[in-house]
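Undergrad: The amino acid sequence is not available; the structure is as follows:
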């Protein structure tokens, strides 16, 4: 008679043992801390149900979470990588349905999911540091950055000089759909350097190039750097979006100004900027609290609210 011994998997040291169910459920880790944590969770849930104290998790619509995951995938992050960053197990089930479905039957996508898990996934942002140099990613963010700099007056010649490439390569990067991670990072670094600057254009030759590229950008509807909240993930420039609902949820604003990640309407984000500006927060500090870019705060504060810069701002208007 042959007996089989169950293989006990143990996760690498960098995994978040016993902090979430990810290691035990998804990675099949059976180390002592993960096993004890999952047993304690089940025991506490059972005891709470027996005494009538169990409160089921708060559930929310799963579709916005799937859309966010899809955007992160387009940016270049895999589903499992997103799940690891969010600390959420079985993230593939959110995207593709229950893997244990019967063969031949379509997978049913979950309509709802626990609010806490949804917030963890939504807090994962497109971060270029997470993309490998050789990875092939969407060119949307890089293309928008180049177009925004051209709208600012930077010619393809000058951009090419900064990037160490020919101007024809700059034009190619505006057209293609995919790009390498290292190139995306180089363009993003250049954007961070030049987004609030205009090129020299006092000399006649420079003035001709400056005016020509700005006319070209305007004719193609390319937006300036300040037009974007999240230049990698936004569907459209935020400055073009109309406020569809002027109602402000004061509770959402109160949560946002504490630094807790939460989805805000344009009107609520504006109210949050007003509140933090009144507390003498700089643009950079407000951006950190609201999980957006300092360019977004500058646009709201300066262009929409006409508020003065706070002393110490490293984003000037």
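TA: Received, thanks. Just so we're clear, the structure is a prediction, and the values are computed from it rather than from any experiment. Numbers count the residues shown, from 1 in each chain.
Undergrad: before we move on, what SS does residue 113 have?
TA: strand (DSSP: H, G, I helix; E, B strand; the rest coil).
Undergrad: Contacts only, for it.
TA: 59-60, 62, 65, 94 (CB atoms under 8 Å, 6 or more residues apart in numbering). Where you see a C-beta, it was placed from the backbone N, CA and C, and this is true even at glycine.
Undergrad: Repeat that for residue 251.
TA: Residue 251 neighbours (CB under 8 Å, 6+ apart): none.
Undergrad: before we move on, the earlier item: top of the contacts of residue 113 by neighbour count?
TA: Compared across these, residue 65 has the highest neighbour count, 24 neighbours, by other CB atoms under 10 Å.
Undergrad: so that residue sits in a strand?
TA: No - applying three-state DSSP, one finds residue 65 to be helix, outside a strand.
Undergrad: how close does it sit to residue 72?
TA: Applying CB to CB, to the nearest Å, the value for residue 65 to residue 72 is 11 Å.
Undergrad: So which residues of this protein form strands?
TA: Secondary structure of the chain (DSSP state E): strands located at 59-61, 112-114, 136-138, 178-180.
Undergrad: The second one pairs with which strands, parallel or anti?
TA: It refers to strand 112-114. Strand 112-114 pairs in its sheet with strand 59-61 (antiparallel), by DSSP bridges.
Undergrad: buried ones in stretch 164-184?
TA: Neighbour-count burial for stretch 164-184, counted by 16 or more other CB atoms under 10 Å, picks out 165, 170, 173-174, 179-181, 183-184.
Undergrad: nearest to residue 117, of those residues?
TA: residue 181 (28.0 Å; CB to CB).
Undergrad: show me the contacts for that closest one.
TA: 76, 128, 131-137.
Undergrad: where does residue 287 land on pLDDT?
TA: Note on residue 287: pLDDT of 89.
Undergrad: ugh, wrong one, I meant residue 107
TA: Reported pLDDT for residue 107: 75.
Undergrad: Let me know how buried it is, in neighbour terms.
TA: 14.
Undergrad: How about it: what's its closest non-neighbour residue?
TA: Once flanking residues are discounted, residue 107 sits nearest to residue 97: 2.9 Å by CB to CB, 6 or more residues apart in numbering.
Undergrad: shouldn't that neighbour be in contact with residue 105?
TA: No - Residue 97 lies out of contact with residue 105 (CB atoms under 8 Å); the separation is 10.0 Å.
Undergrad: between those two, who's got more neighbours?
TA: Each of residue 97 and residue 105 has its neighbours counted (other CB under 10 Å); residue 97 has more, 15 against 8.
Undergrad: Distance of that one relative to residue 252?
TA: Taking CB to CB, one finds residue 97 at 31 Å from residue 252.
Undergrad: in this structure, which segments are predicted with low confidence?
TA: 1-27, 52-57, 100-104, 238-247, 311-317 (pLDDT under 70).
Undergrad: Which residue ranges make up the domains of it?
TA: Per automatic domain parsing, the structural domains of the chain span 7-56, 59-97+108-125, 130-225, 242-304.
Undergrad: Could I get the ones you listed in a markdown table, plus columns for distance to residue 231?
TA: Below are the domains of the chain laid out as a markdown table (distance: least, CB to CB, whole Å):
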| stretch | distance to residue 231 |
| --- | --- |
| domain 7-56 | 31 |
| domain 59-97+108-125 | 11 |
| domain 130-225 | 5 |
| domain 242-304 | 8 |
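Undergrad: Between these, which one is closest to residue 310.
TA: Here domain 242-304 is closest among those (CB to CB), at 5.0 Å.
Undergrad: out of the buried residues of stretch 164-184, who's nearest residue 33?
TA: residue 181 (34.7 Å).
Undergrad: For that closest one, give its distance to residue 222.
TA: 24 Å.
Undergrad: likewise residue 39?
TA: Residue 39 is 57 Å from residue 222, by CB to CB.
Undergrad: who's more crowded, the two?
TA: residue 222 (22 against 11).
Undergrad: Please spell out which residues along stretch 124-134 are buried.
TA: 124-126, 128, 130-131.
Undergrad: let me fix that: stretch 258-278
TA: Neighbour-count burial for stretch 258-278 [16+ other CB under 10 Å]: 262, 264-277.
Undergrad: One more: stretch 155-164?
TA: 155-156, 158-160, 162-163.
Undergrad: Among the buried residues of stretch 124-134, which one sits closest to residue 296?
TA: For these, the nearest to residue 296 is residue 125 (13.2 Å; CB to CB).
Undergrad: Next, the closest one: phi, psi?
TA: phi -110, psi 160 (degrees, to the nearest 10).
Undergrad: Now it: closest residue in space, sequence neighbours ignored.
TA: In space, residue 125 is closest to residue 291, 7.3 Å off (CB to CB, 6+ apart).
Undergrad: Over to residue 182?
TA: Per CB to CB, 6+ apart, closest to residue 182 is residue 133, 4.0 Å.
Undergrad: so what's the backbone phi/psi at that neighbour?
TA: The phi/psi pair for residue 133 (degrees, to the nearest 10) is phi -60, psi -40.
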